[in-house]
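Peer 1: What would the 3D arrangement of this be:
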Amino acid sequence: MEEELARIYIASVSDMEQRLEQPASNRRQQYDTVSKALIHQNPEDWLRFSLGTPEAEVIEVLETEQPTIRSNRADSFIRANVRGQEVIVHLEMQTHDSRDTLMPYRMAGYVGRGIEFFQLPIYSHVIYLHPRAGRTDPGEYIQAIRDYEIRIRYKVIRLYDLEGSPFLEGRMKGLIPFTPLMKPPESMEPDEWIRQCVEAADSVAQDNIAKADYLADLAILGGLVFDYPTIRETIMETIMQESSVIQHFLQKGIEQGIEQGFEQGVEQGFERGSRESLIEGILESLEVRFDARNLQAVASTLEYVDTVQRLRALRREALQTPSLEAFWQTLGSIVTTNGDDSR
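Peer 2: So this is what the prediction gives:
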């Protein structure tokens, strides 16, 4: 059990490093992908957080790949029952301020097309991730022309304006990975705050693969505020307390550096475990994102991928691909080119 836990963490943190080393444009896409996945995996938390009431129940998370919805490029729609009324809750995650099109215009478009498509009341929100984002968002679109007045209001939520401790204490699984972006308790040092966030995430009950991904998601989002080496060190210090296997490797001389420890650990016997955990992670991501129940053909094909590096690339693709068919195309091209890197 501990060996499996160690293999999963080593593979996950190694994959996390590669994801955070991506160009800035790719990282922005990762923030969007991680945020959307956390909302879709924990819609109840996000529903009650955004609406500010426990009197709300999820009916279904709506598939935004539908053509009419996709044309909006909106993030998340949740069909919900709020105080006995069926409504649509719209959550738009925004890393920085919208520059090409100001947010009031974008939100007016989302709300208008949403009303047309769903024909239900829409509760619309924009959630800003970066501490400097959203300061000038008025939370409404107004057209003040006589006889043609239009007013569309939406809720603006800036995570940095929120006290983070209640979300840690409330054990809100869907929100904990976002807590590094919130305010720490007064006079608490940043390093101690990120440690508390990591410890809270690590304590959430879930299987090892899900926990490793969960911590990686926290690291990705926390990278908007904290430098990555600090986050990585905090995560590793936390998970090392759980696994005597990792401690055993450290005691044998891998203290020279966490990064060297990852590399040597994989080289000295973790590669097989890395392959297995990466394949399981790919299949789980596809199952969650596309509600795919029978992935045996995908699993069988993944066994033909010849390197851990390519499996890591496929893991990232599984988190970002727009459809299962698109993932199949990528997987087919990688299997076809097996061995080309050595030529």
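Peer 1: Assumed residue 59 was part of a strand.
Peer 2: Yes - counting by DSSP: H, G, I helix; E, B strand; the rest coil, residue 59 is part of a strand.
Peer 1: how much space between the nearest residue to it once chain neighbours are set aside and residue 118?
Peer 2: Residue nearest to residue 59 in three dimensions, not counting chain neighbours: residue 79, with 4.2 Å by Cβ to Cβ, 6 or more residues apart in numbering. In this view, the C-beta of every residue, glycine as well, is placed from N, C-alpha and C. Look at residue 79 and residue 118: by Cβ to Cβ, to the nearest Å, they are 8 Å apart.
Peer 1: Name the residues contacting each of the two.
Peer 2: Shared contacts of residue 79 and residue 118, defined by Cβ atoms under 8 Å, 6 or more residues apart in numbering, comprise residue 88.
Peer 1: so what's residue 49 closest to, chain neighbours aside?
Peer 2: That would be residue 175: by Cβ to Cβ, 6+ apart, it lies 6.1 Å from residue 49.
Peer 1: Distance of the one you found relative to residue 169?
Peer 2: Going from residue 175 to residue 169 by Cβ to Cβ gives 11 Å.
Peer 1: ok so, going back, okay, now the residue nearest to residue 49: neighbour count?
Peer 2: Residue 175 has 22 neighbours, counted by other Cβ atoms under 10 Å.
Peer 1: need the contact list for it.
Peer 2: Here residue 175 is in contact with 42, 45, 46, 49, 167 (Cβ under 8 Å, 6+ apart).
Peer 1: Tell me the one among the residues you listed nearest to residue 101.
Peer 2: Each of these was scored against residue 101 by Cβ to Cβ, and residue 46 proved nearest at 24.3 Å.
Peer 1: thinking residue 88 is in contact with residue 125, fair?
Peer 2: No - taking contacts as Cβ atoms under 8 Å, residue 88 lies outside contact range of residue 125: 11.5 Å.
Peer 1: Buried ones in stretch 275-290, by neighbour count?
Peer 2: Going by neighbour count (16 or more other Cβ atoms under 10 Å), the buried part of stretch 275-290 is 275-287, 289-290.
Peer 1: Go through those residues and name the one with the lowest pLDDT.
Peer 2: Across the buried residues of stretch 275-290, the smallest pLDDT goes to residue 277, namely 71.
Peer 1: Distance-wise, check residue 324 relative to residue 275.
Peer 2: Distance of residue 324 to residue 275, given as Cβ to Cβ: 22 Å.
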